[in-house]
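# predicted coordinates and the sequence they were generated for:
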Amino acid sequence: MFKKILIANRGEIAVRVIRACHEMGIAVVAVYSDVDRAALHVRKADEAYPIGAPAASESYLNIQKILDVAERSGADAIHPGYGFLSENAKFARACANAGVKFIGPTAAAMDAMGSKTRARQAMERAGVPSVPGTSRGLESYEQAEQVAARIGYPVMLKAAAGGGGKGMRLVHAPAELKSALEGARSEAERSFGDGEVYVEKAILNPRHIEMQVLADEHGNTVYLGERECSLQRRHQKVVEEAPSPIVDPEMRRQMGEVAVRVAQAAGYTNAGTVEFLVDQQKNFYFLEMNTRLQVEHPVTELVTGLDLVHLQIHIANGEPLPFTQDQVQIRGHAIECRIYAEDPDNNYFPSPGRITLLLLPSGPGIRRDSGMYEGWTVPMDYDPLLAKLIGYGTDRDQAIGRLQRALNEYFVGGIKTNISLFRRILSNPEFRAGKIDTGFLDRLLKQRDEQGDSPADPQAIEAAVIAAGMFAALGQSAAGAGERAGTDGSPPKANSVSKWKIAAHREGLH
Amino acid sequence: MFKKILIANRGEIAVRVIRACHEMGIAVVAVYSDVDRAALHVRKADEAYPIGAPAASESYLNIQKILDVAERSGADAIHPGYGFLSENAKFARACANAGVKFIGPTAAAMDAMGSKTRARQAMERAGVPSVPGTSRGLESYEQAEQVAARIGYPVMLKAAAGGGGKGMRLVHAPAELKSALEGARSEAERSFGDGEVYVEKAILNPRHIEMQVLADEHGNTVYLGERECSLQRRHQKVVEEAPSPIVDPEMRRQMGEVAVRVAQAAGYTNAGTVEFLVDQQKNFYFLEMNTRLQVEHPVTELVTGLDLVHLQIHIANGEPLPFTQDQVQIRGHAIECRIYAEDPDNNYFPSPGRITLLLLPSGPGIRRDSGMYEGWTVPMDYDPLLAKLIGYGTDRDQAIGRLQRALNEYFVGGIKTNISLFRRILSNPEFRAGKIDTGFLDRLLKQRDEQGDSPADPQAIEAAVIAAGMFAALGQSAAGAGERAGTDGSPPKANSVSKWKIAAHREGLH
Amino acid sequence: MTYEISIDGNNHRLDLTQVEGRWTCRLDGREIAMDAVLARPDVLSLRIGNKAYEVKCERVGGEMHLWVGSVRFAAEVRDPRSLRSRMRAADDHGPRKLVAPMPGKVVRVLVSQGAEVEAGAGVLVVEAMKMQNEVKSPKKGTVQKILASEGAAVNAGDVLAIVE
Amino acid sequence: MTYEISIDGNNHRLDLTQVEGRWTCRLDGREIAMDAVLARPDVLSLRIGNKAYEVKCERVGGEMHLWVGSVRFAAEVRDPRSLRSRMRAADDHGPRKLVAPMPGKVVRVLVSQGAEVEAGAGVLVVEAMKMQNEVKSPKKGTVQKILASEGAAVNAGDVLAIVE
């Protein structure tokens, strides 16, 4: 087994991988940029190396710096987490050349899946159903016109190198095609330095369902069931669950077997995810393969009872899978909420800053994977994902009930988060009925509903008024926590301070 | 379903039941003694009623006060938790008379199991194997002599009303019998106001294994698998796990079916636990039945995927069990550590006080059921159980690995806890091999090993010296947490304070 | 002492007096039996009669919100003397300040001092975590002051500009 | 500044100097490259060279212990001037104080002032959480002072008696 693993990442995923390593008795090397010295993953590591400026290109995306640390520290393997270098074939190759094991698929498998058009071609050969359209980049507007006419409108234009919705255009009618094609090409050029664009039949309000696969280096490949990922904003997943409310055992078997074929067609090893679009008739089409550990992997862990990161490490260590397909069982239901530093009062824009107070949920069926801690300052330089709250239950209703209970326990002070959004989602009748698609969240956010899940009753307002007064009266200086307010209400000093502050703000105006 | 449930308890179990109620959409009424106003269960409740002085007899054991609150609040059911009134038949009757549903077995079932001798008699009729001995109290020393001679030494004298090891005596030879009998009788008299004592064959270094049962009010009774509870100190459980390392499916089926027979013989309803002694040959003997939810119920929840408190409430609501015996499946392995406010440097005596800092473990496979929070003052009036840390894994090794990882994340400042004890237990080769019995912990504690699980290496000592200096240099006044020490090291003032304190202590001597 | 407290824009008058460690409380003139424990800074365990509430105080960039259970209220606490001026600042007449919605970097200033702007028109752009956020004018009027320059780092709540 | 630091009874000399926010550190004369962040009060993220440690400081009843990972050390920090007296107090000659091991109630005083006691002999009994705890004499000698009476509430670390 590996003696020492370098984790080329930060935030909650770095912490999650550190935990797995320590559980397996493996030492951990962390890397950090200048703004991450106080980050949780540095606190928890056995060794920690600074790798430069906050900009990812200077640090977490800098292959040379990371391989230097691997050499200096004597790490014998690297876990890339997700994002950053996790799907970078160049990095995987560089690791191989440096004699450090990359915990993930081979560079060749990444290349096969890296370009959506090349992936589509491979899948056609493997007989995997994908959305009708071109498997090659469009040579001309004329070709686009012909294909679109053939497969029928609406159609979707997509960048071959695409991701995160960049270089994508939905086209309802021939008239829109020309400008859409130009727009998609230039955006793809700008975003990925590659203007290749292809066309697909547009599936309206589809579900986004993905299948977890695991392949060892001895030719064994299994699927671990699906994840329902239809709740998205700006093409970013917000809530994921396993199993999907619409997938029955037979459909699971079919999708799973297709996913295994996809993985095998690419000579895939280690953990990977095959994404499908599912239409209203439950037809599923191959979308793409993510050649890394997914953010939402915990929901699969909870319903299968497995630890995917442990398994990734065992596989990378050359061990065969410790179980066969028929030993994999789905039990219960799990739902994940991605806690972001986002401001619900301001269109969910990022809200970095110092965490002044942190109340943490726990108890039955609650798992919390987090990269934050009270007193830490969330840097403004990276993705705003702070933590993941995952609820498990005997069935979907219990999982929802436990998550709502836990969300009410969760509180992050000093910055704004999207915690309240999940209360709205989980209490929404459509969601509770499992009626969700990729358009659900945008529709929900259009609805005017600022009061969380319960309406403001007069008693709650009364409580708010009195609490506001008590906070002012007790002040922040006051009270060894847990002491009786009655017995140590502090003089109005503390309060007046805040009053002066408000006043001062006002003064600023005149 | 019930609209409002009163929870006649405090601490982690009150919080755990509150969570279950809120997950099911049921309002919660908390009760609290004068020292518990700031307790976590009061914070989380929907209504909270003071019930008097800290002494349990004045508050949590006071049937009349609790029923008064039930009436004033309009609660339609009462959950007793464990301890306090949970196994009090008089209370169960009083609830029935007051028209409030007691969430637990009937008073009659409690009576049947309340006295160990009466329980033994019932079990004999039901053909349940119990340890050879008398099922009735000893009339005389002579009778004791005869029975002991018949079943053979060593024998155990036990108080019929016994519990917690009170009124128990181990007798190795006839010569010791007389004084032991007198001692047991007077201790039983003093502890329980009932001098009845019976004799049993002593099983040396047995395992303590218990079986969880669940019975609805329609005659359906199932078992949910066993818990291994052999790790005890002063007859108090410290670590529990499910499944037991020595129980195979066949033995589980046998114990389970006996447990179901026990429950049915007593006309038992709701959740209960049948305790067995198991000897080296894996023979198991009925010990007693606990007519309440057990402290260690979470390990069963994790390996079965069920929520026992939800099920208790559904059963009390008159619903039939939602599953049959053959649908119950054990998957994976779970281990619970009971976190006590105890001082390992002082023979594990209680250590109440103010919690000045709390670092909480989380992540994969970790469940935390807790009644404490940072800033709370642990009162000196009740049982020192603060929280339970439960680890789940695909197998026993993974569960142990995850627990050790989580124990290293867990830190409680301001008071002392037994957290370090679990590191020693989990890293002990005998424990890892599953070779445990009720004598294990006392043997372990005899061993001289103060350094936790890893030996003190020079680098750790170096780190300790430098850290001690940095803490002094930065002082406690210093540092918005997360800030660079380098950039806000405070003047030696803060430090000198602590120095003066030490000096002052010294002054006290002269 | 007496507080003017506005909850989601509605004003209330609260009198709190402490006698031998016990609080007496009058809300808009009504006497209310209550009892409170500050469990942690910004976390209050409140009993009104026998109803129990955990109230959390969210303070970000000068704003204050209260969470009563899972319901969130915008709150402002002030003493009566400053009430009038406050009311004026609040309504649509008079100057309005544009504040940074989050810590970040000012990447663009879209209008110059003295320019006329419509309500909802973008005035500056702030960037953080790879996302750009346009700060819009709350009213039609004249940009009286621009207080931040391009490239400047700002904190949540900082005043970036004032529209008169 | 300079500290005398004892870890599990072994003394070390530590010099810490701060130059422009950077710390330089000499341990028993050896220069050591280090870097530290106070993540929370009593929690230090420490780097020595590239080795990383999370060190937690446990302060209960006047005692101080440091957790380095999962290893615990008894620690004392003092300045050299008070070293001599400290050393004397530490050894077996001279008076020794008996301190309450936990907050609780003194339920029994077992010996009277002036009595002779053996090492390990019980002097008082403190009760908390339904458990009684005998406070024993650390040495053979005379009970010089009894500072707590039966029924008195005491805190962890309070001096209960002194044996000379």
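That came through, no problem. Numbers count the residues shown, from 1 in each chain, chains lettered A, B, ... in the order given.

# quick check: the residue of chain C nearest chain B.
C:A52 (4.1 Å; Cβ to the nearest Cβ). Backbone N, C-alpha and C define where each C-beta goes, glycine included.

# wait, that residue sits on B:E47?
Yes - when contacts are counted by Cβ atoms under 8 Å, C:A52 is listed as touching B:E47 (5.6 Å).

# overlap in contacts, the two.
Each of B:A30 lies in contact with both C:A52 and B:E47 under the rule Cβ atoms under 8 Å, 6 or more residues apart in numbering or on different chains.

# measure the residue of the stretch 151-300 of chain A found nearest chain C to B:D369 for me?
Using Cβ to the nearest Cβ, the closest approach of the stretch 151-300 of chain A to chain C is made by A:R234 at 9.3 Å. Per Cβ to Cβ, to the nearest Å, A:R234 is found 37 Å from B:D369.

# who has more neighbours out of these two?
B:D369 (22 against 11; other Cβ atoms under 10 Å in any protein chain shown).

# who touches the residue sitting nearest the centre point of chain C in this structure?
Centroid-nearest residue in chain C, with Cα atoms, centre = their mean: C:E63, separated by 3.0 Å. When contacts are counted by Cβ under 8 Å, 6+ apart, C:E63 touches C:A74, C:G157.

# got a pLDDT number for the residue lying farthest from the centre of chain C?
If you look at how far each residue of chain C sits from its centre, by Cα atoms, centre = their mean, the farthest one is C:E20, at 33.1 Å. The model reports C:E20 with a pLDDT of 80.

# check C:D91 too.
46.

# also A:R19?
98.

# from chain C, how far off is it?
Plainly put, A:R19 is 25 Å away from chain C if you go by Cβ to the nearest Cβ, to the nearest Å.

# pull up the residues of the stretch 1-150 of chain A that are close to chain B.
A:V15, A:R16, A:R19, A:A20, A:H22, A:E23, A:M24, A:G25, A:R37, A:A38, A:K44 (Cβ under 8 Å from any Cβ of the partner chain).

# quick check: chain neighbours aside, which residue is closest to the third one?
Read it as A:R19. In this structure, A:R19 finds its nearest non-sequential neighbour in B:G363, 4.9 Å apart by Cβ to Cβ, 6 or more residues apart in numbering or on different chains.

# A strand includes C:A39, no?
Yes - counting by DSSP: H, G, I helix; E, B strand; the rest coil, C:A39 is located in a strand.

# contacting residues around the closest residue to it other than its chain neighbours?
The spatial neighbour of C:A39 that comes closest, neighbours along the chain excluded (Cβ to Cβ, 6+ apart), is C:S45 at 5.1 Å. Residues near C:S45 by Cβ under 8 Å, 6+ apart: B:R37, B:A38, B:V42, B:R43, C:A36, C:V37, C:L38, C:A39, C:A52, C:Y53, C:E54.

# okay if I get the residues you listed as TSV plus secondary structure, pLDDT and neighbour count?
Listed next are these as TSV, based on DSSP: H, G, I helix; E, B strand; the rest coil; pLDDT from 0 to 100; neighbours: other Cβ atoms under 10 Å in any protein chain shown:
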residue	secondary structure	pLDDT	neighbour count
B:R37	coil	97	21
B:A38	coil	97	22
B:V42	helix	98	25
B:R43	helix	97	26
C:A36	strand	94	27
C:V37	strand	94	24
C:L38	strand	94	27
C:A39	strand	95	27
C:A52	strand	98	24
C:Y53	strand	97	25
C:E54	strand	97	23
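
# got the contact list for the residue farthest from the centre of chain C?
C:E20 touches nothing, counting by Cβ under 8 Å, 6+ apart.

# repeat for A:V262
A:M123, A:A126, A:V128, A:V213, A:Y268, A:V274, A:F286, A:M289.

# now do the SS call for it.
Following three-state DSSP, the label given to A:V262 is helix.

# tell me the pLDDT at it?
94.

# re earlier: need the pLDDT of the residue nearest to C:A39.
Looking at C:S45, the pLDDT reads 97.

# ok, now A:R484?
39.

# check A:R424 too.
94.

# what is the neighbour count of it?
Residues near A:R424, counting by other Cβ under 10 Å: 19.

# which residues does the residue nearest to the centre of chain C form beta bridges with?
C:V60 (DSSP bridges).

# for stretch A:69-84, the distance to its chain's centre please.
21 Å (Cα atoms, centre = their mean, to the nearest Å).

# do the same with stretch A:252-264
With Cα atoms, centre = their mean, you get 22 Å for stretch A:252-264.

# any idea how far apart the tips of stretch A:366-386 sit?
17 Å (Cα to Cα, to the nearest Å).

# now that stretch: average pLDDT?
96.

# for the closest residue to A:Y223 other than its chain neighbours, what are its contacts?
Of all residues not flanking A:Y223 in the chain, A:G256 sits nearest, at 3.5 Å (Cβ to Cβ, 6+ apart). Shown in contact with A:G256 (Cβ under 8 Å, 6+ apart): A:M211, A:Y223, A:G225, A:E226.

# any chance of CSV for those, columns neighbour count, distance to B:G183 and pLDDT?
Below are the contacts of A:G256 laid out as CSV (neighbours: other Cβ atoms under 10 Å in any protein chain shown; distance: Cβ to Cβ, whole Å; pLDDT from 0 to 100):
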residue, neighbour count, distance to B:G183, pLDDT
A:M211, 27, 67, 98
A:Y223, 22, 65, 98
A:G225, 20, 61, 98
A:E226, 29, 65, 98
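
# of the residues you listed, closest to chain D?
A:G225 (36.0 Å).

# surely that closest one is within a helix?
No - counting by three-state DSSP, one finds A:G225 to be strand, located in no helix.

# count of neighbours near the residue lying closest to the residue of chain C closest to chain B once chain neighbours are set aside?
Leaving aside its chain neighbours, C:A52 sits nearest to B:A48 (4.1 Å; criterion: Cβ to Cβ, 6+ apart). Residues near B:A48, counting by other Cβ under 10 Å, number 26.

# what sits against B:A48?
Contacts of B:A48 (Cβ under 8 Å, 6+ apart): B:V29, B:A30, B:V31, B:Y32, B:V42, C:R47, C:N50, C:A52.

# strands - which of those land there?
B:V29, B:A30, B:V31, B:Y32, C:R47, C:A52 (DSSP state E).

# which of these are buried? Put it as a PyMOL command.
Buried subset of the ones in strands among the contacts of B:A48, written as a PyMOL selection, criterion 16 or more other Cβ atoms under 10 Å in any protein chain shown:
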select buried, (chain B and resi 29+30+31+32) or (chain C and resi 47+52)
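
# and the ones in strands among the contacts of B:A48 as a markdown table, adding distance to C:V126?
Compiled in a markdown table, these are given as follows (distance: Cβ to Cβ, whole Å):
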| residue | distance to C:V126 |
| --- | --- |
| B:V29 | 48 |
| B:A30 | 45 |
| B:V31 | 51 |
| B:Y32 | 47 |
| C:R47 | 42 |
| C:A52 | 41 |
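
# just the ones in strands among the contacts of B:A48 now: which is nearest B:R396?
B:A30 (37.2 Å; Cβ to Cβ).

# my read: the closest one touches B:H41, true?
Yes - using Cβ under 8 Å, B:A30 is in contact with B:H41, at 5.2 Å.

# run through the residues that contact residue 128.
No chain was given, so I picked chain A. A:V128 neighbours (Cβ under 8 Å, 6+ apart): A:V258, A:R261, A:V262, A:A265, A:F286.

# um, chain C though
A:F349, A:P350, A:P352, A:M380, C:M102, C:P103, C:G104, C:K105.
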